[in-house]
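[1] Sequence first, predicted coordinates after that:
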Amino acid sequence: MSRQAWPLRFERRAEPSRGWQLAAPFVAVAFTLAVASLLVAWAGAPVGQAYALLLEGAFGSRFAITETLTRATPLIFTGLAAAVAFRARLFNIGAEGQLYAGALAAVAVGGLHDGTGFEAATWLLFPAMIAAAMLAGALLLLGPALLKSRLGVDEVVTTLLLNFIVLLFVSMMLDGPMKDPTAMGWPQSVALQDPLQLGKLIERSRVHTGLLAALGLAVALWLLLQRTATGLEIRAVGANPRAAAFAGMPVGWVTVKVAMMSGALAGLAGAVEVAGRTSYVTLDMSPGYGYSGIVIAMLAGLNPLGVVVAAVFVAGMLVGADSMSRSVGVPTYIADVIVAVSLIAILVTSLLAQYRCRRS
């Protein structure tokens with residue numbers, strides 16, 4: 001019995017389809033919402049009303065908008081971390097661990113001596129706290145980057161496994177040396193003093209000035225990638241490492257620089273969360289911001305400016321899902337489904353930008 005030939009085949013395009021590249025995020029979002037509609041209907045809720053409640057919960061009031069922006073702030077940082085790393089084909093899956101490492105380092109510096117920082121001046125202690133967080137995140141990614149560039153070790157595996165190691169280390173520290181003695185047994189760190197916390201951007205809300213820092217870094221990173229020699233090297237290494245090496249570019253050094261930038265951005269996300277929202281470190285401080293940053297970077301097409309838009313979209317889904325769940329009884333996990341399906345959809349549409357489907 002002869003095997004029937006597969007009627008379709010994928011053929012690589014000579015040039016990536018510009019149309020598919022521009023349409024990919026919109027097609028991915030539309031497909032995701034269609035899939036989510038089936039799940040909402042399966043849960044017995046009216047689809048139109050559920051989506052209306054989701055949008056209202058995310059953007060329908062002053063409180064909803066400020067909560068969405070608050071949730072979007074760490075997502076911008078982790079999205080930028082993933083975007084700059086992926087541009088150089090350094091697949092950083094460890095932003096979650098780097099975020100926690102940055103948060104722990106920030107509190108370790110700013111929360112010294114029961115939160116007083118040894119009575120050091122705020123102008124000295126605050127930048128030291130931020131620098132420690134960025135350094136912690138950068139060093140956490142430096143190891144996998146060196147293993148990749150020197151020994152060819154897959155960074156996806158190493159960065160992913162480091163997430164679990166960091167979380168276990170954070171758990172040990174919160175139950176040990178950094179535990180707050182006034183927390184009535186709860187595993188949390190000492191809280192930062194008020195002078196070390198970020199100011200509110202909007203009164204009577206949780207939106208803090210970390211949002212401005214995130215927006216500024218998105219613009220700065222876009223300028224770096226598009227207008228500097230370093231950005232050209234990053235894009236060249238990401239497009240074809242062997243060709244970049246043939247052209248005389250230091251591929252290994254570029255990989256290390258990108259790792260330091262990416263890890264520092266993720267570590268900064270942890271410091272901003274502590275200084276802007278929680279004031280102390282707990283094991284549930286991040287509901288997966290590091291992993292969501294990967295989805296955001298892909299939805300944005302690895303464009304730093306697009307990361308801002310994608311982060312607000314994902315944050316809106318997460319915040320709006322809570323409101324929708326309370327009103328029509330759809331589980332809040334629908335937001336996680338939307339984020340996950342968005343990633344799958346954007347990968348498929350990106351594939352279609354690189355390949356065309358033809359009949360055999």
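    Done, it's in.
[2] Going by C-alpha atoms from here, please, whenever you check contacts or count neighbours.
    Noted.
[3] can you pull the contacts of residue 50?
    By CA atoms under 8 Å, 6 or more residues apart in numbering, the contact list for residue 50 reads 40, 324, 328.
[4] Same list, these, but as a markdown table with neighbour count, secondary structure and pLDDT please.
    Below are those laid out as a markdown table (neighbours: other CA atoms under 10 Å; DSSP: H, G, I helix; E, B strand; the rest coil; pLDDT from 0 to 100):
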| residue | neighbour count | secondary structure | pLDDT |
| --- | --- | --- | --- |
| 40 | 21 | helix | 87 |
| 324 | 25 | helix | 84 |
| 328 | 17 | helix | 81 |
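[5] Secondary structure element holding the residue lying closest to residue 277 once chain neighbours are set aside?
    Leaving aside its sequence neighbours, residue 277 sits nearest to residue 206 (CA to CA, 6 or more residues apart in numbering; 6.9 Å). Following DSSP states H and E, one finds residue 206 outside all helices and strands.
[6] Output the below-cut-off pLDDT ranges for the stretch 1-150 of the chain.
    Regions of the stretch 1-150 of the chain meeting the criterion pLDDT under 70 cover residues 1-8, 113-118.
[7] just the strands in it please.
    Secondary structure of the stretch 1-150 of the chain (DSSP state E, counting those that start in this stretch): strands at 8-12.
[8] what about residue 53, how many neighbours?
    22 (other CA atoms under 10 Å).
[9] quick one: the helix or strand hosting residue 244 to chain centroid distance?
    Using DSSP H and E, residue 244 sits within helix 241-246. Helix 241-246 sits 29 Å away from the centroid of its parent chain (CA atoms, centre = their mean, to the nearest Å).
[10] What of stretch 172-182?
    Distance, centroid of stretch 172-182 to centroid of chain: 27 Å (CA atoms, centre = their mean).
[11] what does stretch 169-183 give?
    The answer for stretch 169-183 is 26 Å, by CA atoms, centre = their mean.
[12] Output it as PDB, restricted to C-alpha atoms.
    Written as PDB, here are the backbone C-alpha positions of stretch 169-183 (Å, rounded to 0.1, in the frame of the first residue of the first chain):
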ATOM      1  CA  PHE A 169      16.500  30.500  47.000                       C
ATOM      2  CA  VAL A 170      13.900  33.300  47.500                       C
ATOM      3  CA  SER A 171      11.800  31.000  49.600                       C
ATOM      4  CA  MET A 172      14.800  30.100  51.700                       C
ATOM      5  CA  MET A 173      15.700  33.800  52.300                       C
ATOM      6  CA  LEU A 174      12.100  34.800  53.200                       C
ATOM      7  CA  ASP A 175      11.900  32.000  55.700                       C
ATOM      8  CA  GLY A 176      15.400  32.700  57.000                       C
ATOM      9  CA  PRO A 177      17.800  35.700  57.000                       C
ATOM     10  CA  MET A 178      15.500  38.200  55.300                       C
ATOM     11  CA  LYS A 179      12.200  37.300  57.000                       C
ATOM     12  CA  ASP A 180      10.300  40.200  58.500                       C
ATOM     13  CA  PRO A 181      10.000  39.500  62.300                       C
ATOM     14  CA  THR A 182       6.800  41.600  62.400                       C
ATOM     15  CA  ALA A 183       5.000  39.600  59.600                       C
END
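[13] contacting residues around stretch 214-228?
    So stretch 214-228 is contacted by 73, 76-77, 80, 230-232, 234-235, 303-305, 307-308 (CA under 8 Å, 6+ apart).
[14] no no, stretch 24-32
    Against stretch 24-32 from outside (CA under 8 Å, 6+ apart): 299, 300, 301, 338, 341, 342, 345, 346, 349, 350.
[15] and of the contacts of residue 50, the nearest to residue 334?
    Closest approach between the contacts of residue 50 and residue 334, by CA to CA: residue 40, at 8.0 Å.
[16] Next one: residue 69 from residue 89, what distance?
    Note on residue 69: its distance to residue 89, by CA to CA, to the nearest Å, is 29 Å.
[17] More neighbours: which of these two?
    residue 69 (24 against 19).
[18] ok, the more buried one touching residue 208?
    No: taking contacts as CA atoms under 8 Å, residue 69 lies outside contact range of residue 208: 9.2 Å.
[19] Which stretches in the stretch 151-300 of the chain count as helices?
    Remark: helices assigned in the stretch 151-300 of the chain by DSSP state H, counting those that start in this stretch are 155-174, 210-227, 229-239, 241-246, 251-273, 289-299.
[20] Mind putting those into JSON lines with distance to residue 283?
    Shown next, in JSON lines, are the helices of the stretch 151-300 of the chain (distance: least, CA to CA, whole Å):
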{"stretch": "helix 155-174", "distance to residue 283": "7"}
{"stretch": "helix 210-227", "distance to residue 283": "21"}
{"stretch": "helix 229-239", "distance to residue 283": "34"}
{"stretch": "helix 241-246", "distance to residue 283": "38"}
{"stretch": "helix 251-273", "distance to residue 283": "12"}
{"stretch": "helix 289-299", "distance to residue 283": "13"}
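[21] Nearest to residue 10, out of the ones you listed?
    Across the helices of the stretch 151-300 of the chain, closest to residue 10 is helix 229-239 (CA to CA), at 20.4 Å.
[22] Pull out the buried residues from that closest one.
    Across helix 229-239, burial judged by 16 or more other CA atoms under 10 Å covers 231, 233, 234, 235, 236, 237, 238.
[23] where's the second one relative to residue 164, distance?
    With distances taken as CA to CA, residue 233 is found 32 Å from residue 164.
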